[in-house]
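Chemist: fold the following.
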Amino acid sequence: MSVSPAASVSLSLWQAVPFAGLILSIAVGPLVHKHWWHNHYGKIALAWALCAAAVLMMKSGVPAAITAITATLLHEYMPFILMMFALFTAAGGISIRGGFTGTPFSNVLLLGLGSGLASLIGTTGASMILIRPLIAANAHRSFNVHVVIFFIFLVSNIGGALLPMGDPPLFLGFLHGVDFFWTLRHLWPHTLISIGCLLAVFFLLDSLLPQNRERAGHFAHPSGLEVRGIFNALFILGAVGAIILSGLWHPDYDLKLFGIPLAAEALARDVMMILFGGLSLFFTKRDIRRDNGFDFDPLIEVAKLFAAIFICLVPVMDLLQAGAQGPLAPLIGGLETLEGRPLPSAYFWTTGLLSSFLDNAPTYLVFFELAGGDPAVLMNAKADVLAAISFGAVSMGAMTYIGNAPNFMVAALARKNGIAMPGFLGYLLWSCGLLLPLFLGLTWLFFRIG
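Modeler: Below is the predicted model:
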């Protein structure tokens, strides 16, 4: 049965309600009753996922909805959570103790190192390796929330803007024909200015906050720097290599699971993630993981919430992919001038703000296609537009806990180690206060017309 255009638009706009409800629950739940939320967040996430499934069934029918959800879980969620498993497990087997105490200078050095490492082994890999040493180095401080927040800004997001392995959106661009070093050549000023400004603000803030020198001595390691389980770095490199290989190796062979085709390279990558995680668990001594306070609670929390997020994203991404023919046509139309000239600033802010709440990888791909989808044109005649899309997707993932894969994991690990991390809305206040002025400045420097 056909529907009128108005009814179609009305129905389509309702597709975003389950996702909005889930985000609102994550934001408000811990504020209303923290203990109750901790015990029931999985059930609430499941309820919103079922609502999203119902919306899809009403829109497309039961078989099509089941196929869409299954495809999303197999193609997007499973690679995501298996990558998190491999990197979280391997990084949790590396114990770094002593060597430095969290002073403003040493913290800046570690954040700078992590920012550089993020483009080489990915924001998730760098985050999982360095977050525990950073927490341990600052355990003596009565207030260290800001250290973790700046870590999320720099290491978990902005630091990954230079190479395709740094962040999933850039890797998608590489797979669609963007040269491997294009982002390095075009985004290094944006990245260095962002990192430099944030490190300067951090150093000032960190210097003003009180430090307990006597308590620092209590937490110091008596024998200096000690690194155990360093062989786990091989498993982390292996996981990063598996991701790169899956983008370069295409044997043109598919397997089917529940009627959904799975590319052989994707299946091989996922098996390697399980293998590297399993090898880390098998070979790492228990006392190393005990020293790290390692358990799977943070990963379980991420797994439950992001399973619902990926399902609720399915109808939302339909709205975006409809482009100028869908209910978000006014938003899409704002990407160009009346003369049809693309607006880099509009691409930067639209891609970035949507990437703050949606999965930044498919969001990048949607705007890549809206900008023309031809990598040769985008890398040359429309280089400013591609730079805006790329840097927006990567950098503004730092705006919320769900904007990029490692954000939520880092926050969960910090909470597990006794750091009173802000809730969803509290973190948003930090990010708006610190990042929005930076992004406005970058817009004026790099993305304005004329």
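Chemist: quick check, pLDDT for the residue nearest to residue 424 when sequence neighbours are not counted.
Modeler: In space, not counting the residues next to it along the chain, residue 424 is nearest to residue 27; the distance is 3.7 Å by Cβ to Cβ, 6 or more residues apart in numbering. Every residue, glycine included, has its C-beta placed from N, CA and C. Residue 27 carries a pLDDT value of 79.
Chemist: what's the closest non-adjacent residue to residue 391?
Modeler: Nearest to residue 391 is residue 190, by Cβ to Cβ, 6+ apart, at 5.1 Å.
Chemist: using the three-state scheme, assign the one you found.
Modeler: Judged by DSSP: H, G, I helix; E, B strand; the rest coil, the three-state class of residue 190 is helix.
Chemist: that one against residue 443, yeah?
Modeler: No. Using Cβ atoms under 8 Å, residue 190 is not in contact with residue 443; the gap is 10.5 Å.
Chemist: residues contacting stretch 382-392, please?
Modeler: For stretch 382-392, contacts defined as Cβ atoms under 8 Å, 6 or more residues apart in numbering pick out 161, 169-170, 173, 178, 182-183, 186-187, 190-191, 342, 344-345, 347-352, 355, 364, 367-368, 371-372, 378-379, 442, 446-447.
Chemist: which among those end up buried?
Modeler: 161, 169-170, 173, 178, 182-183, 186-187, 190-191, 342, 344-345, 347-352, 355, 364, 367-368, 371, 378-379, 442, 446-447 (16 or more other Cβ atoms under 10 Å).
Chemist: lowest-confidence helix or strand of this protein?
Modeler: The least trusted helix or strand in the chain, going by mean pLDDT, DSSP states H and E, turns out to be helix 213-219, with a mean of 46.
Chemist: after that one, next one along is what?
Modeler: Sequence-wise, the next helix or strand downstream of helix 213-219 (DSSP states H and E) is strand 226-228.
Chemist: what packs against the next helix-or-strand element following that next one?
Modeler: Toward the C-terminus, strand 226-228 is succeeded by helix 232-248 as the next helix or strand (DSSP H and E). On a contact count with 3 or more Cβ pairs under 8 Å, 6 or more residues apart in numbering; DSSP states H and E, helix 232-248 meets helix 78-91, helix 104-137, helix 168-175, helix 264-283.
Chemist: the inter-axis angle of the last one versus helix 232-248?
Modeler: Read it as helix 264-283. With axes from the mean of the first three to the mean of the last three Cα atoms, to 10 degrees as the basis, helix 264-283 and helix 232-248 are set at 170 degrees to each other.
Chemist: same question, the longest one
Modeler: Orientation of helix 104-137 against helix 232-248 (the same axes, to 10 degrees) gives an angle of 100 degrees.
Chemist: buried residues in helix 104-137?
Modeler: Within helix 104-137, the residues that qualify as buried by neighbour count (16+ other Cβ under 10 Å) are 104, 106-108, 110-112, 114-115, 117-137.
Chemist: ok, residues contacting stretch 346-353?
Modeler: Counting contacts by Cβ under 8 Å, 6+ apart, the residues touching stretch 346-353 from outside are 331, 334-336, 363-364, 367, 371, 385, 388-389, 391-393, 395-396, 399, 439, 442-443, 447.
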